[in-house]
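**Q** need a 3D model of the sequence below.
(one chain, ligands or ions: 1)
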Amino acid sequence: MEVVIVPDARSGGELIAEAMAELLRRKPDALLGVATGSTPLPVYQALAAKVRAGQADISRARIAQLDEYVGLPADHPESYRSVLRREVLEPLGIGMEAFLGPDGTAEDIRAASQAYDAALAAAGGVDLQLLGIGTDGHIGFNEPCSSLASRTRIKTLTEQTRVDNARFFDGDIAQVPHHVITQGIGTILEARHLVLLATGENKADAVAATVEGPLAAVCPASALQLHPHATVVVDEGAASKL
Ligand code: GLP
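**A** Next comes the predicted model:
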């Protein structure tokens, strides 16, 4: 695992956007795995700036979703599909035909989960998966004690994650769904390059457990230690307990 400490979130975004641009130069139809949350926004902004400046060609790029709430209508403004359309696809000018995501509205979530794993495999697998990290060390929505070999499946959110995410639902935890569909840790580990971005001191404990702690399901992000090509990009706040 490579750890890169950057001065601030903006530089982290620039570094990762450049890695994506470089990948697209080598493989124009690369499948980019994207994450939601506040942390990756500087990456998407930096990539959009590169596209505008003619330094990145995303015209053939494909985008894959990491996780989704269960039970929110797909057009709900806080469904991750809507969030990614707003924050990634539209600014980059990528159409929904180049987008892969799990169906959080399916009657049969188990079948939808298996279908999503199959769709990722049929698309040739994720080339670069961008990850954020929860304060409890979760990646995607794989909460602590998720199996490190898990596949895409339904999960129940912890109270802490629902509290953390209430800010996207008018601060009202009652509106935060209890269930989600998430790429499993085993699924995530199949991406060819994993890039985890963490910024701010509130992520310092989770980052220390990921990078220096034991490989353990209690910190799902520690599974990155198993991956042959994992990069952890942290600002000084998030690196403060390393
Ligand atoms: C959610 C998402 C994760 C994300 C995490 C952290 O739980 N499912 O993919 O990494 O939030 O979000 P933030 O970057 O806003 O701290």
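**Q** go through the worst-scoring helix or strand of the chain on mean pLDDT and flag the buried ones.
**A** Within the chain, no helix or strand scores below helix 159-165, which has a mean of 92 by mean pLDDT, DSSP states H and E. Buried residues in helix 159-165, counted by 16 or more other CB atoms under 10 Å: Thr161, Arg162, Asp164, Asn165. For glycine as for every other residue, the C-beta is placed from the backbone atoms N, C-alpha and C.
**Q** now swap in stretch 50-59 and tell me
**A** Of the residues in stretch 50-59, those buried (16+ other CB under 10 Å) are Lys50, Val51, Ala56, Ile58.
**Q** which one of those is nearest Gly33?
**A** Ile58 (14.3 Å; CB to CB).
**Q** quick one, phi/psi of that closest one?
**A** phi -110, psi 20 (degrees, to the nearest 10).
**Q** now for it: which residues touch it?
**A** Listed by CB atoms under 8 Å, 6 or more residues apart in numbering, the contact partners of Ile58 are Leu24, Leu47, Val51, Leu92, Gly93, Ile94.
**Q** that one and the ligand, how far apart?
**A** From Ile58 across to the ligand, the span is 21 Å (CB to the nearest ligand atom, to the nearest Å).
**Q** just the helices in the protein please.
**A** 9-26, 41-52, 80-84, 90-92, 109-122, 159-165, 185-188, 204-212 (DSSP state H).
**Q** how many neighbours does the closest residue in space to Val218 that isn't next to it in sequence have?
**A** Among residues not flanking Val218 along the chain, Pro144 sits closest, at 5.1 Å (CB to CB, 6 or more residues apart in numbering). Residues lying near Pro144 (other CB atoms under 10 Å) number 18.
**Q** tell me the contacts of Pro144?
**A** Here Pro144 is in contact with Asp136, Gly137, His138, Thr158, Ala217, Val218, Cys219, Pro220 (CB under 8 Å, 6+ apart).
**Q** Gly132 now?
**A** Gly132 is in contact with Ala35, Thr36, Gly37, Thr39, Pro40, Ile139, Leu196, Leu197, Ala198, counting by CB under 8 Å, 6+ apart.
**Q** can I get the buried part of those residues as one ChimeraX selection?
**A** To isolate the buried ones among the contacts of Gly132 in ChimeraX, judged by 16+ other CB under 10 Å, type:
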select :35,36,37,39,40,139,196,197,198
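**Q** give me phi/psi at the residue nearest in space to the middle of the chain?
**A** In the chain, the centroid-proximal residue (CA atoms, centre = their mean) is Ala35; its distance is 2.7 Å. Note on Ala35: its backbone torsions stand at phi -120, psi 160 [degrees, to the nearest 10].
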